[in-house]
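Enquirer: fold the following, please.
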Amino acid sequence: MSKSTLFTQMQDLSAELVSLVASAAPSLVSVSSSHSRSSGFVWRPGLIVTADEALSEEGNCVVKSRNGDIVGAQLVGRDPTTDIALLRVDRTDLQSLSLTSLAVEAGTLVVVAGAEDATPTVALGVVSRVAGPWRSLRGGEIDARIELDLRLRQSAEGGVVLDTVGQSIGMAVFAPRRCVLVIPSSTIDRVAAKLEAHGYIARGYLGLGLQPVDIEGDNGVGAMVMSVDPQGPGALAGIEQGDILVAWNGEPIRHMRSLLRALGPDSVGQTVTLGLRRAGQTQQLPLTITERSRA
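Expert: This next block holds a predicted model:
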């Protein structure tokens, strides 16, 4: 291949990347929350999706549109388990972004388009790994695990991930050790719709304050009951302060994260069997998981 041919191909690729970012730019906003800066995009008229982790605990923020207008945003709802937050702005003229539930493969070139002070930011990279549905450390159900190999600036978290033909495959977020993950479009649509309708995502509730403890003669850990909500499902099941939970539906509790993952939205209403130790004796108690009261 001659140098002139290579240069022409590079110029064509560059022009295509500029074009696809330009097509997404009208839907991108920058999000300012306390001391953090992130990106977001218009999901539906007047509704903006951004990364939950980037928002302040109070959820107070403002957004800046492409033309530089600063608009106050109201938090509709947030789901830390999938890192999705939904904001409402009094601007229905902003262009909505069309999300695509597209199956991507490792090796696919992608662009993360974000916004900073009303100007687009861009990161070019590659899909480094694709796997099936998974649960986050907080128990969120995410439809596919898509990892990216690229360098992402802090303000671009919450930006949209585009393939080379301009299809929006999800939102870019940071994982531990600064790994960049994609929250797939199908997950965003599912979670954001629930946030719009209810303002929150239901989570399972045991009504127990737990602390991990080592189990003597076992490779796993137990969860000591430090407190019991007198109106919660744990109290109704007969669990007492000082009990040590050692099994969940017959499976040993290996770490506290497994309990968190088990208390996802689908757990509400389920009855599980908890194995526990009390005064040196092992017991099996059924417990029906409820939803935490939002009163």
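
Enquirer: could you use CA atoms for every contact and neighbour count after this?
Expert: OK.

Enquirer: residue 22: neighbour count?
Expert: Applying other CA atoms under 10 Å, we find 14 residues neighbouring residue 22.

Enquirer: residue 62 too?
Expert: 19.

Enquirer: so how far is residue 227 from it?
Expert: Between residue 62 and residue 227 the computed distance is 39 Å (CA to CA, to the nearest Å).

Enquirer: try residue 282
Expert: Using CA to CA, residue 282 is found at 20 Å from residue 227.

Enquirer: and residue 273, by the same measure?
Expert: Here residue 273 is placed at a distance of 19 Å from residue 227 (CA to CA).

Enquirer: now swap in residue 43 and tell me
Expert: On the measure of CA to CA, residue 43 and residue 227 end up 41 Å apart.

Enquirer: so between these two, which is more surrounded?
Expert: Each of residue 43 and residue 227 has its neighbours counted (other CA under 10 Å); residue 43 has more, 23 against 18.

Enquirer: the more buried one belongs to a strand?
Expert: Yes - per DSSP: H, G, I helix; E, B strand; the rest coil, residue 43 lies within a strand segment.

Enquirer: and it, what does it touch?
Expert: Residue 43 makes contact with 49, 96, 97, 98, according to CA atoms under 8 Å, 6 or more residues apart in numbering.

Enquirer: how about residue 197, phi and psi?
Expert: phi -80, psi -40 (degrees, to the nearest 10).

Enquirer: report pLDDT for it.
Expert: We have a pLDDT of 94 for residue 197.

Enquirer: give the helix, strand or coil label for residue 186.
Expert: The local conformation at residue 186, judged by three-state DSSP, is helix.

Enquirer: now do residue 282 against residue 240, distance only.
Expert: Distance, residue 282 to residue 240, by CA to CA: 13 Å.

Enquirer: okay, these two: which has more neighbours?
Expert: residue 240 (18 against 13).

Enquirer: am I right that the more buried one is in contact with residue 229?
Expert: No - using CA atoms under 8 Å as the test, residue 240 is too far from residue 229 to be in contact (10.0 Å).

Enquirer: what helix or strand is the closest residue to residue 86 other than its chain neighbours located in?
Expert: Nearest residue to residue 86, sequence neighbours excluded (CA to CA, 6 or more residues apart in numbering): residue 49, at 4.8 Å. Using DSSP states H and E, residue 49 falls within strand 47-51.

Enquirer: show me what that strand is packed up against.
Expert: Helices and strands touching strand 47-51, by 3 or more CA pairs under 8 Å, 6 or more residues apart in numbering; DSSP states H and E, are strand 36-44, strand 84-89, strand 168-174.

Enquirer: mean pLDDT and distance to residue 287 for the ones you listed - can I get that in JSON lines?
Expert: Converted to JSON lines, those look like this (pLDDT from 0 to 100; distance: least, CA to CA, whole Å):
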{"stretch": "strand 36-44", "mean pLDDT": "94", "distance to residue 287": "39"}
{"stretch": "strand 84-89", "mean pLDDT": "96", "distance to residue 287": "30"}
{"stretch": "strand 168-174", "mean pLDDT": "96", "distance to residue 287": "35"}
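
Enquirer: avg pLDDT for stretch 8-28?
Expert: Mean pLDDT, computed over stretch 8-28, is 87.

Enquirer: buried ones in that stretch?
Expert: For stretch 8-28, the neighbour count (16 or more other CA atoms under 10 Å) marks 17, 20, 21, 24, 25, 26, 27, 28 as buried.

Enquirer: in the chain, which helix or strand is least confident?
Expert: When each helix and strand of the chain is scored by mean pLDDT, DSSP states H and E, helix 256-262 comes last, with a mean of 81.

Enquirer: who's in contact with that helix?
Expert: Identification of contacts with helix 256-262 by CA under 8 Å, 6+ apart yields 135, 136, 137, 138, 139, 140, 212, 223, 253.

Enquirer: please consider this matter closed, and thank you.
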